[in-house]
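Participant: Kindly return the folded structure for what I paste below:
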Amino acid sequence: MTNRCIWAGTDPIYVDYHDTEWGVPEYDSRALWEKLILDGFQAGLSWITILKKRDYFREAFAGFDPNIVATWGEVEVEALLQNEGIIRHRGKIEATIGNAQAWQRIESDQGFDKFLWNYVDGKPLQPNRKTKADVHAQTELSVQISKDLKKAGFKFCGPTIVYAFMQATGMVNDHVVDCHCHAKLSA
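Facilitator: Here you go, the predicted model:
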């Protein structure tokens, strides 16, 4: 039997996400933006809801190309509000457009990837959590990154969302130590 983080459960979608994506360091600026946007849409919902709708989100948001999404306006917002494949929340949709514009500014200034990874000196934090109870919902660092993202114009990026994003993108290796993914992501 393979040991996994308990949150992965037995749902094949969760198990695959846990085993192949969650916690794997992501250094691509566009992919980082996509994951931050999806974490923002997840606020108040379960992550499995987002995973099941991820392909619909990708289609609806032009493959999560922030350079395209940054040009959108009310016409696109109204169309997205009619799209049953995604979470139809006006605030989150409008925030995504604004976040694309904020991404463009950071990307042209220093690179969104560098902006984020500089917080951890370019390598994943390795806290070596023993149990799920040792995993935090937010940290001082996620609070700081959240503040800095908001200062840059981002929305739906509070400290808890940012910490979930840090876990998902491998900025922190929060696989518990007895999980089969922990060791390979610690190397």
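
Participant: what ranges do the helices span in the protein?
Facilitator: For the chain, the helices defined by DSSP state H cover 12-20, 29-42, 47-60, 66-69, 74-81, 90-109, 112-117, 140-151, 159-168, 180-186.

Participant: So which of these is nearest residue 130?
Facilitator: When the helices of the chain are compared by C-beta to C-beta, helix 180-186 sits nearest residue 130, at 10.4 Å. Every residue, glycine included, has its C-beta placed from N, CA and C.

Participant: which helices and strands sit right next to the closest one?
Facilitator: Helix 180-186 sits against helix 12-20, with contacts defined as 3 or more C-beta pairs under 8 Å, 6 or more residues apart in numbering; DSSP states H and E.

Participant: can you pull the buried residues of the helix it packs on?
Facilitator: The neighbour-count check on helix 12-20 (16 or more other C-beta atoms under 10 Å) flags 14, 17-19 as buried.

Participant: outside of it, which residues touch it?
Facilitator: Contact partners of helix 12-20, identified using C-beta atoms under 8 Å, 6 or more residues apart in numbering, comprise 4-5, 7-9, 47-48, 51-52, 180-181.

Participant: now swap in stretch 70-82 and tell me
Facilitator: Residues outside stretch 70-82 that contact it (C-beta under 8 Å, 6+ apart) are 60, 86, 88, 90, 93-94, 97, 100-101, 103-104.

Participant: okay, these in CSV with pLDDT, distance to residue 128 and neighbour count next?
Facilitator: Below are the contacts of stretch 70-82 laid out as CSV (pLDDT from 0 to 100; distance: C-beta to C-beta, whole Å; neighbours: other C-beta atoms under 10 Å):
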residue, pLDDT, distance to residue 128, neighbour count
60, 98, 39, 19
86, 98, 37, 20
88, 97, 40, 12
90, 98, 41, 11
93, 98, 39, 23
94, 98, 40, 17
97, 98, 39, 20
100, 98, 36, 22
101, 98, 38, 16
103, 98, 32, 26
104, 98, 37, 17
